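**Student:** A structural model of the following input is requested.
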Amino acid sequence: AKLVQWGGNSSGVNIANIDNLGNVHPDTFWWHYSLGNVLKRPFSEIWTDTSEPLMAGLKQRPRPLKGRCGECHYQDICGGNTRVRAHQLTGDFWAADPGCYLSDEEIFDAERR
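**Tutor:** Predicted coordinates:
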């Protein structure tokens with residue numbers, strides 16, 4: 001129950017990163033993707049701007065996940081895990097997390113749903 005309450009990965013929701021140049025990132029691993037700059041725009045505006053597609057998706061529950069992650073019945077626990085990892089390997093923010101340790105049987109087992 002606590003894991004569901006926590007909701008999994010919090011990048012772009014409860015976690016942010018502001019680098020030394022003022023660039024705002026969804027977390028410390030998104031150094032290649034800036035949502036805006038606090039020297040040009042207040043953090044509160046950047047952080048709540050869901051017209052930015054990545055921020056809209058990160059704040060959406062459930063997230064718009066694809067592939068194994070999109071089919072997984074554990075989404076409410078992990079939140080799709082680290083989206084930056086999927087993006088780095090596929091170019092798609094919402095692709096399956098290549099670091100997921102669950103087997104296909106665990107993900108696709110209809111009896112667990």
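**Student:** drop to CA atoms for contacts and neighbour counts, all remaining ones
**Tutor:** Fine.
**Student:** pLDDT score for Trp6?
**Tutor:** Per-residue pLDDT puts Trp6 at 76.
**Student:** and what of Glu111?
**Tutor:** On the pLDDT scale, Glu111 gets 56.
**Student:** thinking Pro98 is in contact with Arg83, fair?
**Tutor:** No. Using C-alpha atoms under 8 Å, Pro98 is not in contact with Arg83, being 9.6 Å away.
**Student:** higher neighbour count, those two?
**Tutor:** Arg83 (23 against 17; other C-alpha atoms under 10 Å).
**Student:** residues near the closest residue to that one other than its chain neighbours, how many?
**Tutor:** Nearest non-adjacent residue to Arg83, counting by C-alpha to C-alpha, 6 or more residues apart in numbering: Phe93, 5.6 Å away. For Phe93, the count of nearby residues is 21 (other C-alpha under 10 Å).
**Student:** Is Phe93 in a helix, a strand, or coil?
**Tutor:** coil (DSSP: H, G, I helix; E, B strand; the rest coil).
**Student:** contacting residues for it?
**Tutor:** Phe93 sits next to 54, 83-84, 86-87 when contact means C-alpha atoms under 8 Å, 6 or more residues apart in numbering.
**Student:** If you drop the residues flanking it in sequence, what lies closest to Cys72?
**Tutor:** Cys72's closest residue in space is Ile107 (C-alpha to C-alpha, 6+ apart), at 4.8 Å.
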